[in-house]
Structures are given as C-alpha cells and as structure tokens.
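>>> Need coordinates for the following:
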Amino acid sequence: MTSPVQSLAEMSVLPYTDVLAWVVMAVFVAGVIAHRRNDLRLARRITAAGWALFAVFWFLLIQHFAFVMRSAVETALVVVAVPSCLYVGWQLHNGRDSLLTLSRAVAFMTIIYLPFETSELARSFLIETVAFQTATVIDWLGLSNGVELMRDPGTDSSLLNTFYFPETDRASRLVFQCTGIGSMAIFGGLIAAVDAPRPKKLVATAVSIGIIWALNVGRNVFIALANGYQWFAGSWLEGPVMFAFGLSDPARVSFFVADRVISQVLAVFVLVGIAWFVSRWVPELLDVGEELLSVLLGREVHLRSPDAAADGRGKQ
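This is a model prediction of the structure:
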C-alpha cells in the first residue's frame, strides 16, 4: 500500500542560493573584521555589498516560496526583504554606522545556520531528534492511535522522520526546516551581536532557544495530527484553500491550513513575542529593533526610554 506523503515543511534549498548564502556570510564576516579593526570606511563598503547580495539571495527565492512552497506569509516576507536589504545597504553606505550592529547580527546568524544546513550529520541529528520528540508528545497526548514513526518511503533516506497514520493512510515527513534552527539562528545572531554583559546574553540565549525548541515541537505535533487525521477536511474549506494554493488533491487541504495558514501566521507573532520577552534580559536588543524600524519607516523609532538606553550603554 502506498501512502501520500506530505512534508511538514517542503523546501529544498536551490544549489545556487546555497552557494550564494556562503558568499553572503563571507562578505558580512569580512565587514565585521573591518569594523573590529576600526576601518569604518572599508566596513561600510563591504557590509553594504553584503546587503546587496542578501537582497539578490531573497529575490532568487521569491519564485520558490510562491510556487513551490505556496506560502503567502513567507512569500510576502521575502518580497519585502528584497527592497529592505537594498535600502539598509544604501543607508549604511551613506554613513549610518549604527546599522553595523544589525549587519554583525546577520553575520552571526549565517555562521550558526549554514554549518547545520550543509552538514549531513548535523541535519540528520536535528531531524531525527525533533521527529522523536514530536512522536513522543503525540503519544503523551493519547492521540497516537497506531501512528508509526518510520523511514521516509518516498526517498532513499534512512532517516526516521515520517509519521504514518494508518487510520487515514496519510503521512507527514519532518525535514530540516522543521527543526526550528532558522529561528534559533536569528535570536542567537542578534544576541551575539549586541554589546551587553556576557551573563545576560547567555541567559537570553538559553531562554530563547528553549522556548523556540518547545514551541517548534508543538507546531510539528499540530501539523502532523491535522494532516494525519484530516482535521480541516470540511467541504466548506476545500474549495477556497484548493483555489488559493493551486491544489488538486482535497486530502492536502488540512496540511496547508495547518502549516501554511495557521502555523506560519502565528509564528510571526510568536517570534515578536519572544523577542520582547528576551529583551527583558538583554534590552540592547531593542536598540537593533529601533535602528531597523527607524530606517524602514523613515523616522526615528524608540522602543525604550532614552534614560534606559543611556543607562544600558553606561553599564557596558
């Protein structure tokens, strides 16, 4: 018996964007080195070039998110990222040196993320760990009902990353993007980039990674169950969802509603909430947010009081 397998996060990184990501990382790291050597002029030029390459990177992924992933949320974010990266680079090139902190954060994000993304050993470990934890939570909830954690029948991979639901003959494959490493890299990069006391940064890193890991497992549980038990298979949803995402199989509606709509929309708000929560330990993170919002909105934005900001800088 064959089983229709729906990935929890269908995304294969295209070869040219994979290579470009390493180039972007190298350029941003070079900018960080120039800044550390107090060569601001060179740091501006190198880092501005990094932002331009970053814009190209996101531009190349628009088609992938729009037509392969069929994700309205991710497509919108990527489309916005292209002009935003170009504008940040232009502002930096024209002397807005405060953006070097944000640029340093991007360098750290890529340093954290890319080795995991390109290392088969690290990828396999993360995928199987999260898959096992997801299966464990499903069992704890008493919703397993014969669900099997098995090897993906649709590929040559030996990974135990597929949840098969015999009741509905549906399966969900957990892939690298389901591990939450992308969100962890974002927070790890931001925390590493700001000038703050090391103990506070360590606490903030542990708290943010712990929260993201737990919520990500919960997200995978929800998507696997929704797809496996066809929670959103109502006829009133099938028409609109199949039209919006260009689907031909009604059985895929539950997955797209759970993942592409509910989970991805909630993820945006959750990440903002985590950032606010973590800023209680490292308020300097708000400075990065202020700088980015000020550039994008064209006016100065203050997320914390000037007195608090000055006090924070004085303690560094």
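>>> ranges for the helices of the stretch 1-150 of the chain?
Using DSSP state H, counting those that start in this stretch, the helices of the stretch 1-150 of the chain run over 15-36, 40-63, 72-93, 99-118, 120-140.
>>> and the helix or strand where L296 lies, which residues are buried?
Assigned by DSSP states H and E, L296 belongs to helix 284-297. Buried residues in helix 284-297, counted by 16 or more other CB atoms under 10 Å: 284-292, 294-295. C-betas here are computed from N, CA, C, even on glycine.
>>> Now do that helix, average pLDDT.
For helix 284-297, mean pLDDT is 86.
>>> go on, stretch 51-66?
Averaged across stretch 51-66, the pLDDT comes to 92.
>>> what does stretch 108-125 give?
Across stretch 108-125, the average pLDDT comes to 91.
>>> cool, and stretch 215-222?
97.
>>> mind listing what's buried in that stretch?
Under the neighbour-count criterion of 16+ other CB under 10 Å, stretch 215-222 has 215-217, 219-222 buried.
>>> How about stretch 30-37?
Neighbour-count burial for stretch 30-37 flags 30-32, 34-35 (criterion: 16+ other CB under 10 Å).
>>> same check, this time on stretch 235-252
Result for stretch 235-252 [16+ other CB under 10 Å]: buried residues 237-238, 241-242, 245, 247, 251-252.
>>> what's the answer for stretch 197-209, then?
Using 16+ other CB under 10 Å as the test for burial, stretch 197-209 gives 200-201, 203-205, 207-209.
>>> Give the single residue among the residues you listed positioned nearest to C85.
S208 (23.6 Å; CB to CB).
>>> Now do the strand or helix carrying that closest one against helix 284-297: the angle between them, please.
Using DSSP H and E, S208 maps to helix 198-228. Calculated by axes from the mean of the first three to the mean of the last three CA atoms, to 10 degrees, helix 198-228 forms an angle of 70 degrees with helix 284-297.
>>> now for helix 198-228, which elements pack on it?
Packed against helix 198-228 by the contact rule (3 or more CB pairs under 8 Å, 6 or more residues apart in numbering; DSSP states H and E) you find helix 120-140, strand 160-165, strand 170-173, helix 181-193, helix 253-256, helix 264-278.
>>> 10 Å instead, please
Helix 198-228 is packed against strand 5-7, helix 120-140, strand 160-165, strand 170-173, helix 181-193, helix 253-256, helix 264-278, helix 284-297, with contacts defined by 3 or more CB pairs under 10 Å, 6 or more residues apart in numbering; DSSP states H and E.
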